[in-house]
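Enquirer: Here is a sequence together with a model predicted from it:
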Amino acid sequence: MSHQEIIDKLLSGEMKLYQVDKEVDAKEATDIRREFLEQKYDLDLSNISNYTLDMERASARNIENSIGVLQLPMGIAGPMKINGEYCQREVFIPLATSEGALVASINRGASTITASGGANARVVSDIMTRAPAIKCEGVSEALKVKQWFVDNFDELKAIAESTTSHGKLIKIDPILIVGSYVYPRFVFSTGDSMGMNMVTIASEKILDKLAEETSAVHIALSGNVCVDKKPAAINIVEGRGKSVIADILVPKDIVAKKLKTTAEAIVEVNTAKNLVGSAASGAMAFNAHYANMVAAIFLATGQDAAHVVEGSLGITTAENRDGDLYFSVNLPDLPVATVGGGTSLEVAQEGLNILGVAGSNHAKEFAEIVACTVLAGELSLVGALAAGHLARAHQELGRG
Ligand SMILES: CC(C)(COP(=O)([O-])OP(=O)([O-])OC[C@H]1O[C@@H](n2cnc3c(N)ncnc32)[C@H](O)[C@@H]1OP(=O)([O-])[O-])[C@@H](O)C(=O)NCCC(=O)NCCSC(=O)C[C@@](C)(O)CC(=O)[O-]
Ligand SMILES: NC(=O)C1=CN([C@@H]2O[C@H](COP(=O)(O)OP(=O)(O)OC[C@H]3O[C@@H](n4cnc5c(N)ncnc54)[C@H](OP(=O)(O)O)[C@@H]3O)[C@@H](O)[C@H]2O)C=CC1
């Protein structure tokens with residue numbers, strides 16, 4: 001079939017969009033679906049059509065029904081000095097965003113951090129979780145099933161780990177019971193991958209064993225106690241992905257020079273806004289804009305964009321120490337990877353290479369960099385609010 005014949009079949013409804021992949025290679029299938037849209041709706045999609053990535057490879061593992069590639073402006077912030085456990089150097093941070101003033105703000109935070117001697121960062125927990133929903137007769141069987149998970153942990157660990165060379169089942173905890181439903185939270189370490197595919201495959205094997213040995217029925221492989229891609233208190237308390245803390249002591253003169261304000265004013269803003277304001281509104285996140293930094297660095301490095309909702313959680317603290325400013329960000333739920341998923345896309349590899357963290361043995365180093373980037377942006381925005389500069393900044397940098 002010729003290129004136009006396939007488009008005609010799509011236009012007439014004789015062929016479905018995903019069936020084009022059976023007729024031609026991934027690159028041509030991409031062009032055909034896009035041209036179908038152009039012809040059906042009389043559109044010009046010439047920008048989506050311009051790209052360099054290997055669509056054959058992307059179609060095999062990252063996208064279905066491809067029509068092209070999204071471009072976003074990418075900027076750089078830095079250098080930013082990091083005194084982490086895994087990252088002990090200066091970095092330049094790639095950031096993909098369309099929000100004017102964001103990169104300038106993170107750059108200002110990075111400059112403040114570097115002038116103050118560097119940010120401290122530590123990964124305090126490193127796990128990935130999957131919690132299926134299991135149905136029993138009632139609470140008494142549910143308790144027996146809970147005990148079955150406890151009694152058989154060693155065997156279940158061996159079964160789960162037979163599916164992966166990097167994943168390790170650390171514990172099954174908590175095991176929640178609600179009426180006849182049981183939710184065991186399988187807690188894994190997943191090396192340098194974010195790990196959701198890995199732990200989902202491993203968890204299914206555990207459920208096969210459950211089906212063999214008990215009459216409990218597995219209702220859903222994910223039962224929303226994981227909790228994947230939703231903001232949740234359990235993730236805040238127990239952690240998910242990397243849990244990371246970053247902090248800095250900014251000397252009084254640098255607060256004045258770089259942020260144009262005082263430690264006292266920043267503490268007041270942090271209390272009124274991030275703590276009391278968040279509590280008053282019932283917010284789950286006690287910060288100004290972690291999501292901005294997490295989204296921009298996630299897009300630049302091929303992370304799963306839906307995990308921004310988890311990365312947005314956390315508490316910012318600020319203290320006035322005799323005019324110097326102690327400032328910290330706490331991210332309990334930051335799923336990140338330097339291998340697997342979208343990190344293998346060519347643009348993501350370039351973003352990870354700018355940071356020097358592509359490939360194995362870099363995930364915790366990367367997590368420290370993300371946390372320090374959040375620290376930089378948070379420090380700058382809270383500083384701008386304290387100085388009364390937010391509207392002006394966005395007037396100057398965020399409007400055409
Ligand atoms: C805009 C600034 C940085 C000006 O800040 P400034 O202090 O007036 O600018 P400056 O010219 O004195 O420069 C200070 C530093 O800013 C950086 N800088 C300055 N200009 C640039 C630029 N063009 N490109 C790159 N970097 C720039 C640069 O690092 C420079 O230091 P140096 O390195 O020279 O020593 C500041 O006012 C600021 O950070 N404002 C906050 C803006 C912000 O954080 N926006 C984020 C989005 S807000 C939002 O989406 C969420 C919100 C607000 O709704 C959430 C909530 O409810 O809170
Ligand atoms: N399935 C689901 O429910 C969900 C899936 N996702 C998607 O899952 C993907 C991420 O899953 P994930 O499991 O991370 O990735 P992949 O499915 O891409 O798997 C990554 C693989 O890399 C191998 N690997 C090689 N080197 C390392 C290393 N150093 N550390 C760890 N693993 C290594 C592992 O193999 P081995 O296992 O043999 O050790 C691992 O399985 C993303 O695309 C995301 O969007 C997101 C949310 C939910």
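Expert: Everything's here; your move. Numbers count the residues shown, from 1 in each chain. Ligands and ions are numbered 1, 2, ... in the order given.
Enquirer: How about the residues of the stretch 151-300 of the chain by ligand 1?
Expert: Within the stretch 151-300 of the chain, the residues that sit near ligand 1 (Cβ under 6 Å from any ligand atom) are 260, 288-289, 292. C-beta: built from backbone N, CA, C; applies to glycine.
Enquirer: so who does Phe366 touch?
Expert: Residues near Phe366 by Cβ atoms under 8 Å, 6 or more residues apart in numbering: 301, 336, 338, 352, 355, 357.
Enquirer: Spell out for me which residue occupies the centre of this structure.
Expert: When Cα atoms, centre = their mean is applied to the chain, the residue found nearest the centroid is His307 (3.7 Å).
Enquirer: ok now do that residue, which residues does it touch?
Expert: Neighbours of His307 in contact, by Cβ under 8 Å, 6+ apart: 194, 229, 241, 298, 334-335.
Enquirer: repeat that for 10 Å
Expert: His307 sits next to 194, 196, 228-229, 240-241, 294-295, 298, 333-337 when contact means Cβ atoms under 10 Å, 6 or more residues apart in numbering.
Enquirer: before we move on, what about Glu378?
Expert: Neighbouring residues of Glu378 by Cβ under 10 Å, 6+ apart: 105-106, 109, 246, 270, 274, 287-290, 292-293, 314, 316, 318, 327-329.
Enquirer: Could I get the residues of the stretch 151-300 of the chain next to ligand 1 in JSON lines, plus columns for neighbour count and secondary structure?
Expert: As requested, these are exported to JSON lines (neighbours: other Cβ atoms under 10 Å; DSSP: H, G, I helix; E, B strand; the rest coil):
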{"residue": "Lys260", "neighbour count": "15", "secondary structure": "coil"}
{"residue": "Ala288", "neighbour count": "23", "secondary structure": "coil"}
{"residue": "His289", "neighbour count": "20", "secondary structure": "coil"}
{"residue": "Asn292", "neighbour count": "22", "secondary structure": "helix"}
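Enquirer: quick one: which two of these are the most distant?
Expert: Across these, the longest distance by Cβ to Cβ is 20.3 Å; it joins Lys260 and Asn292.
Enquirer: could you pull out the helices for the stretch 101-250 of the chain?
Expert: 102-115, 139-151, 153-161, 196-213, 233-238 (DSSP state H, counting those that start in this stretch).
Enquirer: Return the distance of the fourth one from the chain's centre.
Expert: Its chain's average C-alpha position is 24 Å from that of helix 196-213, according to Cα atoms, centre = their mean, to the nearest Å.
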